[in-house]
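Asks: Please work out how this folds:
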Amino acid sequence: MGHMSPFRDNDQKNKTFLKTATRRPTFNASAIVVLISLCIVWLPTGVYGDCAGVPGGSAITDCNGNCCGGNTTIHCATENTCGYCIPYGADNSTGLDCQGVCVNMGGTAVIDSCGVCCNGTTGVSCNANIDACGVCNGTNSTCLDCNGVPNGPDAPDCAGVCNGTAYINNCSLCVGGNTTLPADYGQDCAGVCDGLAIIDDCGNCTGGTTGKTINGEKDRCGVCFGNGTTCNDCNGVPNGPARIDVCGICGGYNNTCLDCNNTPNGTANYDSCGVCCNGTTGVVCNSAKDACGVCFGFNTTCQDCAGVVLGHAIENACGICCGGNTTVGCNAGKDLCGVCNGTNTTCLDCTGTINGTAVRDVCGICCGGTSGHICNATLDACGVCNGTNSTCDDCNYVPHGSAVRDICGICCAGNTGIICNHTVDACGVCNGTNSTCEDCFGVPNGHAEPDALGVCNGTTLIAPCGILCPILSVSSFTIFCCAGLIIGMLFCVYQAWYQTQTPGTVVAPPLRPRVFSSETTDVEAQFLNKKEKQGPHVYENPPSGRWRPQQNVYSRGEVILPLTVPQKID
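Replies: Residues are numbered from 1 along each chain as shown. Predicted coordinates:
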């Protein structure tokens with residue numbers, strides 16, 4: 001009896017079925033063997049090489065980024081305790097102050113001009129041994145001025161006078177100052193040192209090297225620069241008798257210049273009251289004025305409030321005539337507070353003293369003046385009335401002190417004599433030993449770390465699958481080799497998992513399906529003991545393939561729907 005299609009003829013959507021092969025994948029061991037063989041040949045030159053490319057070599061990259069040590073003949077630079085990279089054989093004190101404290105950890109000690117390590121943690125002030133003259137361990141005696149002041153501005157002049165004004169002139173003579181000698185001392189009037197030229201009667205520099213005759217500018221009258229006529233009388237007669245009189249008249253009689261008292265060239269004159277006075281008059285000018293300055297007056301226009309002419313008596317603020325000849329004080333009518341007709345109550349201090357100076361201090365106590373109390377005497381050092389000096393103590397119990405507690409809880413600074421944080425080691429640990437932050441070179445806070453081979457500051461890391469792949473000196477074949485091994489290992493893991501599945505049980509893997517026609521006749525559509533499970537459907541004892549409708553095929557990762565099972569019909 002032939003086989004009939006297990007599907008309805010009019011079910012066109014079931015005409016095409018998808019057959020998904022569920023054969024187990026084959027582990028291609030030969031490919032892995034080839035990859036491992038290639039890596040065995042090439043890995044020693046790449047994976048296990050040091051930074052110089054030497055297999056198993058000990059060369060490393062130092063803190064300057066140079067490949068050194070091993071077979072390189074290059075000495076490695078190392079980091080010192082301050083974290084500075086020091087070339088081999090160089091001074092290891094880079095970054096340290098002269099006290100041995102790292103500059104980047106607060107070291108500020110320096111060598112001063114006398115070669116002494118100072119400042120920082122030394123407790124020594126820089127240049128403390130230099131005297132005022134700038135001499136180390138000097139006695140201030142090498143730069144004294146003439147007044148004995150170190151580096152003073154005073155100096156003796158050429159006459160030996162401290163701060164004197166004498167100086168050396170053009171003739172190399174000390175002049176001026178206390179010498180009383182003129183600036184041109186030693187020179188003649190022609191400016192010649194020890195010269196013979198002189199100033200003649202006409203004020204000319206003559207004689208010596210001038211080539212001029214002494215007094216050569218006088219005329220016959222003996223007049224310098226004269227024209228020989230200066231010995232004429234006022235009428236132009238040489239050596240004549242006419243003379244100018246006292247009134248300036250040639251040949252006059254001294255009567256053209258009489259004063260008001262008829263005295264030739266006299267000094268008598270009329271005062272403001274019209275009286276001829278002074279000169280030979282015997283009359284004092286303005287003597288006709290009274291005491292009030294009034295000509296021929298009666299002294300009535302300038303009396304004070306007491307009736308005294310030109311007196312000094314005045315009326316005070318209380319309307320009382322006082323001062324002058326009155327014998328009345330000008331504070332008459334005022335009380336002790338300066339108030340007219342007052343009661344002496346407006347100027348009492350806190351002790352009740354008139355015009356007293358006692359006041360109340362910040363604590364409200366009457367002090368000063370006649371109180372017998374010192375103002376603010378009850379204030380403590382913190383400015384608190386009747387205080388105990390405790391409200392402004394620092395940690396060393398000093399009022400207004402600057403001592404503080406450091407990060408280790410120690411009272412420091414101020415007048416404690418203790419440097420803050422001095423017990424903190426380089427790792428920032430109180431009373432530490434600098435060991436909690438050492439790198440593999442033993443440098444506190446250093447950056448060196450051991451690599452995968454245990455080499456300090458080395459460059460080899462652990463690659464996937466346990467294979468060591470270096471960062472430096474990596475060839476392209478080495479990278480290919482490592483990648484091949486990784487892929488092979490992943491394939492091994494998948495094969496191992498697949499072999500753990502129960503024999504005779506097929507789980508449909510997400511492989512590309514093959515499509516068959518529903519008319520295919522070489523398939524025995526016998527599906528027995530169908531068993532569904534959550535997730536992908538599993539069938540026990542399946543044939544070499546299985547069928548399911550085309551429309552039930554889902555993309556990779558989707559849940560497989562139950563298969564449409566064909567039935568055999570005789």
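Asks: so how far is residue 98 from the residue most central in space within the chain?
Replies: Compute the mean C-alpha point of the chain, and by Cα atoms, centre = their mean the closest residue is residue 108, 16.4 Å away. Between residue 108 and residue 98 the computed distance is 10 Å (Cβ to Cβ, to the nearest Å). All C-beta spots, glycine's among them, are computed from the backbone N, C-alpha and C.
Asks: can you list residues touching both of the two?
Replies: Common contact partners of residue 108 and residue 98 (Cβ atoms under 8 Å, 6 or more residues apart in numbering): residue 120.
Asks: for the chain, what spans make up the helices?
Replies: 29-46, 476-499 (DSSP state H).
Asks: in the chain, which segments are predicted with low confidence?
Replies: 1-48, 460-482, 492, 494-570 (pLDDT under 70).
Asks: The stretch 1-150 of the chain: strands as residue ranges?
Replies: Taking DSSP state E, counting those that start in this stretch as the test, the strands found in the stretch 1-150 of the chain are 16-19, 60-61, 67-68, 78-79, 85-86, 110-111, 117-118.
Asks: As JSON lines, the ones you listed with distance to residue 406 and mean neighbour count would be great.
Replies: Output for those, formatted as JSON lines (distance: least, Cβ to Cβ, whole Å; neighbours: other Cβ atoms under 10 Å):
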{"stretch": "strand 16-19", "distance to residue 406": "80", "mean neighbour count": "18"}
{"stretch": "strand 60-61", "distance to residue 406": "39", "mean neighbour count": "22"}
{"stretch": "strand 67-68", "distance to residue 406": "41", "mean neighbour count": "20"}
{"stretch": "strand 78-79", "distance to residue 406": "27", "mean neighbour count": "22"}
{"stretch": "strand 85-86", "distance to residue 406": "31", "mean neighbour count": "18"}
{"stretch": "strand 110-111", "distance to residue 406": "24", "mean neighbour count": "14"}
{"stretch": "strand 117-118", "distance to residue 406": "24", "mean neighbour count": "19"}
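Asks: With distance to residue 188 added, can I get the ones you listed in CSV?
Replies: Below are the strands of the stretch 1-150 of the chain laid out as CSV (distance: least, Cβ to Cβ, whole Å):
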stretch, distance to residue 188
strand 16-19, 142
strand 60-61, 92
strand 67-68, 89
strand 78-79, 85
strand 85-86, 80
strand 110-111, 64
strand 117-118, 65
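Asks: So for residue 147, which of the ones you listed sits nearest?
Replies: Closest approach to residue 147 among those (Cβ to Cβ): strand 117-118, 32.3 Å.
Asks: Name the strands paired with that closest one and say parallel or antiparallel.
Replies: strand 110-111 (antiparallel) (DSSP bridges).
Asks: Just the residues contacting the strand it pairs with, thanks.
Replies: 97-98, 117-120, 126.
Asks: Residue 145: neighbouring residues, count only.
Replies: Residues near residue 145, counting by other Cβ atoms under 10 Å, number 15.
Asks: so what's the closest residue in space to it that isn't next to it in sequence up against?
Replies: Using Cβ to Cβ, 6 or more residues apart in numbering and skipping residues adjacent in sequence, the residue nearest residue 145 is residue 152, 3.3 Å away. Residue 152 makes contacts with 144-146, as judged by Cβ under 8 Å, 6+ apart.
Asks: rerun that using 10 Å as the cut-off
Replies: 132, 143-146, 162 (Cβ atoms under 10 Å, 6 or more residues apart in numbering).
Asks: With residue 296 instead?
Replies: Contacts of residue 296 (Cβ under 10 Å, 6+ apart): 273, 275, 288-290.
Asks: Go through those residues and single out the one with the most neighbours.
Replies: residue 275 (20 neighbours).
Asks: That residue and residue 301, how far apart?
Replies: Applying Cβ to Cβ to residue 275 and residue 301 gives a distance of 20 Å.
Asks: cool, residue 292 as well?
Replies: 4 Å.
Asks: what sits in contact with each of the two?
Replies: Common contacts of residue 292 and residue 301, defined by Cβ under 10 Å, 6+ apart, comprise residue 309.
Asks: Okay, buried residues for stretch 404-415 please.
Replies: Neighbour-count burial for stretch 404-415 flags 406, 410-414 (criterion: 16 or more other Cβ atoms under 10 Å).
Asks: just curious, which of those is nearest to residue 380?
Replies: Closest approach between the buried residues of stretch 404-415 and residue 380, by Cβ to Cβ: residue 414, at 18.9 Å.
Asks: show me the contacts for residue 276.
Replies: 259-262, 268-270, 283, 285.
Asks: count of neighbours near the closest residue to it other than its chain neighbours?
Replies: Spatial nearest neighbour of residue 276, excluding adjacent residues (Cβ to Cβ, 6+ apart): residue 260 at 4.1 Å. Counted with other Cβ under 10 Å, the neighbours of residue 260 add up to 16.
Asks: what sits against the residue lying closest to residue 112 once chain neighbours are set aside?
Replies: The shortest distance from residue 112 to any non-neighbouring residue, by Cβ to Cβ, 6+ apart, is to residue 126 (4.1 Å). Residue 126 makes contact with 109-114, 116-120, according to Cβ under 10 Å, 6+ apart.
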